[in-house]
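**Student:** let me see the structure of the following:
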Amino acid sequence: MRRRLNAGAILAAFFLAACQTSGPADPRVLQQTTRQFGIDLALASLAAENCGDLRLIGGSTEAASRQYVEQMLARGYSPRQIGETTAAIDEDEAGREAIAYLEDRGVTPGDTARLCTVARGEVAAGTRFGRYLRAT
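**Tutor:** The predicted structure is shown next:
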C-alpha cells in the first residue's frame, strides 16, 4: 500500500505559478503544510485507485497539486520556497507516516475493503485525505 508522494506534480504546478508575486511567510509552516498535503494526496490517490465509488476532486493529483500551489502563493510563499520545500520532503519518512495512519485505522496490506471503508469515513468527515475525494 505504499504510495510515492507526487512531488513532480507539485513542482509542475510550481513552475506554472512562477510568475506570481509573493511576500514573506513562515517557511516552517510551509514545510509542515506541504508534507501533510503530500501524505494526504497520496492516501486519497490510493483510495481513488482502489475504491470504485471514490474519485479525486479535480480528477487528478496534478489538479490538486496546482490548487495547493495556488493556495500557498496566495498565503505569500514564493515559487522558489514552494519548490525547495517540496524537493526537501523525505518521501520515505512521509510514506511510513501514511502507512502508520492507515494501520492505526485497521487497514492492512491488501485489505481493499477496509481501505475503502476508512476512505469513505474520511470523505464523510471532511478530514485528512477525505477532503481530496468525492463519492461518485
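**Student:** just the mean pLDDT for stretch 30-42, thanks.
**Tutor:** This predicted structure assigns stretch 30-42 an average pLDDT of 95.
**Student:** for the lengthiest helix in the chain, packing partners?
**Tutor:** Longest helix of the chain, by residue count under DSSP state H: helix 27-50. Contact analysis of helix 27-50 by 3 or more C-beta pairs under 8 Å, 6 or more residues apart in numbering; DSSP states H and E lists helix 7-16, strand 54-56, helix 61-74, helix 79-87, helix 91-104, helix 112-125, strand 133-135 as its packing neighbours. Glycine gets a C-beta too; all of them are placed from N, C-alpha and C.
**Student:** so which of the ones you listed comes closest to residue 41?
**Tutor:** Nearest to residue 41 among the helices and strands packed on helix 27-50 is helix 61-74 (5.6 Å), distances taken as C-beta to C-beta.
**Student:** will you turn the helices and strands packed on helix 27-50 into a markdown table that also has mean neighbour count, mean pLDDT and distance to residue 26?
**Tutor:** Listed next are the helices and strands packed on helix 27-50 as a markdown table, based on neighbours: other C-beta atoms under 10 Å; pLDDT from 0 to 100; distance: least, C-beta to C-beta, whole Å:
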| stretch | mean neighbour count | mean pLDDT | distance to residue 26 |
| --- | --- | --- | --- |
| helix 7-16 | 19 | 47 | 18 |
| strand 54-56 | 19 | 97 | 29 |
| helix 61-74 | 19 | 95 | 12 |
| helix 79-87 | 19 | 95 | 10 |
| helix 91-104 | 15 | 95 | 20 |
| helix 112-125 | 17 | 97 | 28 |
| strand 133-135 | 16 | 94 | 29 |
